[in-house]
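Participant: just the structure for this:
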Amino acid sequence: CQQGTAVSVGGVTIREGGEAKPIKVRPVKEYNEAVQVYADGVEAGRVDYSRVELKLREVIKKEPNLADAWFNLGVIQQEEGRVEDAKKAYQKTLEIDPKYMDALANLGLMQMESGDREGAIAAFEKAVEIDPFNPAARNNLAVVYRTNAVKSRQAGDLERSQRDFQKAVGHVRKVLAGDSQNIDAYNNLALIYYDLRKYELA
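Facilitator: Okay, here's the model as predicted:
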């Protein structure tokens, strides 16, 4: 139920479950070289991350406000496990373009995985503000609110737990309103109902 990392390939930004959208790049040659090195590495099964990073930094040096270059830098750093570096690259992406959905999604996922649930909620809520019907953001919000609900119940805060369960269900229902066949949403809903001990519904 989580949107994964994305990378610009062949002059377009690939978004999971979405249409490829054209991008405008001024240092075209260097940018395309960085993308090609990454794509070749993926195909060969071994990405030369240091080479890709070097080429992306050449692009950034020529065009420091190119959000796609910063985003892709974050992607390779995240794939290498350089979490803090990747976060900084995604944050820089969002400074340049606050509506960069993939950066919001990846940053939210990283915060969720590190246990920063409030940070994850902020990132996913921002994504929902930009695109109210974004299924990945809403499914991830459902995951975070469900996790919060379970932890609140374990701590004895039943009121907050119930409130967060309701928020989780609300986000899932909004996904299903726009995509009645969304498997991730049904999976989330089943887990929520299971946690609520509504086993028949689950």
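Participant: mind listing the helices for this protein?
Facilitator: Along the chain, counting by DSSP state H, helices occupy 28-44, 49-62, 67-79, 83-96, 101-113, 117-130, 135-154, 158-178, 183-195.
Participant: quick one: the longest one to helix 117-130, angle?
Facilitator: When you say that, I think you mean helix 158-178. Angle of helix 158-178 versus helix 117-130, following axes from the mean of the first three to the mean of the last three CA atoms, to 10 degrees, is 30 degrees.
Participant: the first one now?
Facilitator: Inter-element angle recorded for helix 28-44 and helix 117-130: 120 degrees (by the same axes, to 10 degrees).
Participant: helices or strands next to helix 28-44 in the packing?
Facilitator: With contacts taken as 3 or more CB pairs under 8 Å, 6 or more residues apart in numbering; DSSP states H and E, helix 28-44 sits against strand 8-9, helix 49-62, helix 67-79. No exception for glycine: its C-beta is placed from N, CA and C like everyone else's.
Participant: from the ones you listed, which stretch is densest packed?
Facilitator: helix 67-79 (a mean of 24; mean count of other CB atoms under 10 Å).
Participant: same for that helix, what does it pack against?
Facilitator: strand 8-9, helix 28-44, helix 49-62, helix 83-96, helix 101-113.
Participant: now do the buried residues in the longest one.
Facilitator: Same thing as helix 28-44. Neighbour-count burial for helix 28-44, counted by 16 or more other CB atoms under 10 Å, picks out 30-35, 37-39, 41.
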